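Engineer: after the sequence you'll find the predicted model.
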There are 2 protein chains.
Amino acid sequence: SKKTRSMGFSNRGMTLEEDINATNVFYRSADKAVIHKKPTPVQVVNVHYPKRSAAVITEGYFKQPSTTDYNGIYRDRHVDFEAKETKNKTRFPLANIHEHQIKHMQSIANHGGICFLIIRFSVYNETYYMPAETFFPYWEAQFNGGKKSIPYETIQNTGYRIPFHYQARVHYLAIIDQLYF
Amino acid sequence: SKKTRSMGFSNRGMTLEEDINATNVFYRSADKAVIHKKPTPVQVVNVHYPKRSAAVITEGYFKQPSTTDYNGIYRDRHVDFEAKETKNKTRFPLANIHEHQIKHMQSIANHGGICFLIIRFSVYNETYYMPAETFFPYWEAQFNGGKKSIPYETIQNTGYRIPFHYQARVHYLAIIDQLYF
Ligand SMILES: [Mg+2]
Ligand SMILES: [Mg+2]
């Protein structure tokens, strides 16, 4: 039915990570870009090696990632970004990002990479591209008496709304094209 | 003692991965390049959440990596490589590399990345840089009646010996400088 189809095209029920992963699969299969999610680092403490079957991790811990969620290459350029989703209606809390992730993003930007955040306001189902260089001053400000969050309006005004397409559900390359090429 | 010190400078007992990781730490701390090992992907099947302490993975499996070991950025360029060590004295067996890793490397090269293999012959303690573009024809040849391995002499002649330095134990950026800049 028409209703079912329109639901199919909408974005409800998919997490930001699922949408970006699906987008990256499409980008790779169309040979537009080669961008992957970095695996979540696991500290492996104990492994059991059964005969005739695969090794089983029987004790492991999630480690804090020291970098960002995604990286890869697009049109000869190194691309690196962090994706964050918030249920907040009025602001993006800076506590969502870790200090070492910011340090990593600053290094990437300094070395000539295309570096940014993808921020989704899930209640509005709106997803924004915010260049790392735009984000840094807000991050710094919190340590100098500034806000611990970025207002939704600021992200609307200084970021770029990422278009939704059926195959590229978070079509961030469109924003990169606009900003860098 | 003098003997202890000279042992300290030598490379015995360190795996190739440890040497490259130490090199990358040095490159990052000297702000020369931002290159990381990708975490080993783990399929998490069961997690226990104790009160007041960290989540414990109680069942997990190592997944086959779909890409390469390392990537990052150097002098504005995307860098991506695979590292392999062999105990073989006369050749590098191609079975060390997986088909999907080759596909990934071909994509990276096509999109303008600096892509290569680091191959160590551990019995000689010699480490070579082989450009992906040099490697691909040997890989392809095995499916057309060619050898299932690359002779040591071929790697000596078509690859580049990577210098050892105290802080950059596998100083592959020296080869990138020579080849690309
Ligand atoms: Mg994230
Ligand atoms: Mg390896």
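Structural biologist: Everything's here; your move. Ligands and ions are numbered 1, 2, ... in the order given.
Engineer: count residues in the vicinity of the closest residue to residue A:56 other than its chain neighbours, would you?
Structural biologist: Of all residues not flanking residue A:56 in the chain, residue A:48 sits nearest, at 4.6 Å (C-beta to C-beta, 6 or more residues apart in numbering or on different chains). For glycine as for every other residue, the C-beta is placed from the backbone atoms N, C-alpha and C. For residue A:48, the neighbour count with other C-beta atoms under 10 Å in any protein chain shown is 11.
Engineer: just checking, residue A:49 touches residue A:55?
Structural biologist: Yes: with contact defined as C-beta atoms under 8 Å, residue A:49 and residue A:55 form a contacting pair (5.1 Å).
Engineer: what about the two, which has more around it?
Structural biologist: More neighbours surround residue A:55 than the other of residue A:49 and residue A:55, with 13 against 8 (other C-beta under 10 Å).
Engineer: who touches that one in this structure?
Structural biologist: A:47-49, B:61-62 (C-beta atoms under 8 Å, 6 or more residues apart in numbering or on different chains).
Engineer: again, only using 7 Å
Structural biologist: Neighbouring residues of residue A:55 by C-beta atoms under 7 Å, 6 or more residues apart in numbering or on different chains: A:47-49, B:62.
Engineer: for ligand 2, see how far away it is.
Structural biologist: To ligand 2, residue A:55 is 17 Å away according to C-beta to the ion, to the nearest Å.
Engineer: could you do residue A:149 as well?
Structural biologist: In terms of C-beta to the ion, residue A:149 sits 42 Å off from ligand 2.
Engineer: neighbours of the nearest residue to that residue once chain neighbours are set aside, just the number please.
Structural biologist: Once flanking residues are discounted, residue A:149 sits nearest to residue A:91: 4.0 Å by C-beta to C-beta, 6+ apart. The number of residues packed near residue A:91 is 17, by other C-beta under 10 Å.
Engineer: ok, residue A:161 touching residue A:124?
Structural biologist: No: contact status for residue A:161 versus residue A:124: not in contact, 10.4 Å apart, counting by C-beta atoms under 7 Å.
Engineer: let me know the angle separating the helix or strand hosting residue A:43 from strand B:42-48.
Structural biologist: For residue A:43, the element it lies in under DSSP states H and E is strand A:42-48. Relative orientation of strand A:42-48 versus strand B:42-48 (axes from the mean of the first three to the mean of the last three C-alpha atoms, to 10 degrees): 80 degrees.
Engineer: how about the CA coordinates for strand A:42-48, as PDB?
Structural biologist: Provided in PDB are the C-alpha atoms of strand A:42-48 (Å, rounded to 0.1, in the frame of the first residue of the first chain):
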ATOM      1  CA  VAL A  42      37.600  -4.900  23.000                       C
ATOM      2  CA  GLN A  43      40.100  -5.800  25.700                       C
ATOM      3  CA  VAL A  44      40.300  -9.600  25.500                       C
ATOM      4  CA  VAL A  45      41.200 -11.100  28.900                       C
ATOM      5  CA  ASN A  46      40.300 -14.800  28.500                       C
ATOM      6  CA  VAL A  47      39.900 -16.900  25.400                       C
ATOM      7  CA  HIS A  48      38.800 -20.600  25.200                       C
END
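Engineer: quick check: mean pLDDT of the longest helix seen in chain A?
Structural biologist: Longest helix of chain A, by residue count under DSSP state H: helix A:16-29. For helix A:16-29, mean pLDDT rounds to 97.
Engineer: so which elements touch the helix or strand just after it?
Structural biologist: Heading C-terminal from helix A:16-29, the first helix or strand you meet, by DSSP H and E, is strand A:34-37. Judged by 3 or more C-beta pairs under 7 Å, 6 or more residues apart in numbering or on different chains; DSSP states H and E, the packing partners of strand A:34-37 are helix A:16-29, strand A:70-74.
Engineer: partner strands of strand A:34-37, parallel or antiparallel?
Structural biologist: With DSSP bridges as the test, strand A:34-37 is paired with strand A:70-74 (antiparallel).
Engineer: show me the contacts for residue A:82.
Structural biologist: Neighbouring residues of residue A:82 by C-beta under 7 Å, 6+ apart: A:68-69, A:97, A:101, A:117.
Engineer: what residues does the nearest residue to it once chain neighbours are set aside make contact with?
Structural biologist: The shortest distance from residue A:82 to any non-neighbouring residue, by C-beta to C-beta, 6+ apart, is to residue A:68 (4.2 Å). Applying C-beta under 7 Å, 6+ apart, we find residue A:68 in contact with A:80-82, A:101, A:104-105.
Engineer: first to last residue in stretch A:55-67, what's the distance?
Structural biologist: Chord length of stretch A:55-67, first to last residue, is 28 Å (C-alpha to C-alpha, to the nearest Å).
Engineer: number of residues surrounding residue A:70?
Structural biologist: 20.
Engineer: count the residues that sit near residue A:106.
Structural biologist: With other C-beta under 10 Å as criterion, residue A:106 counts 16.
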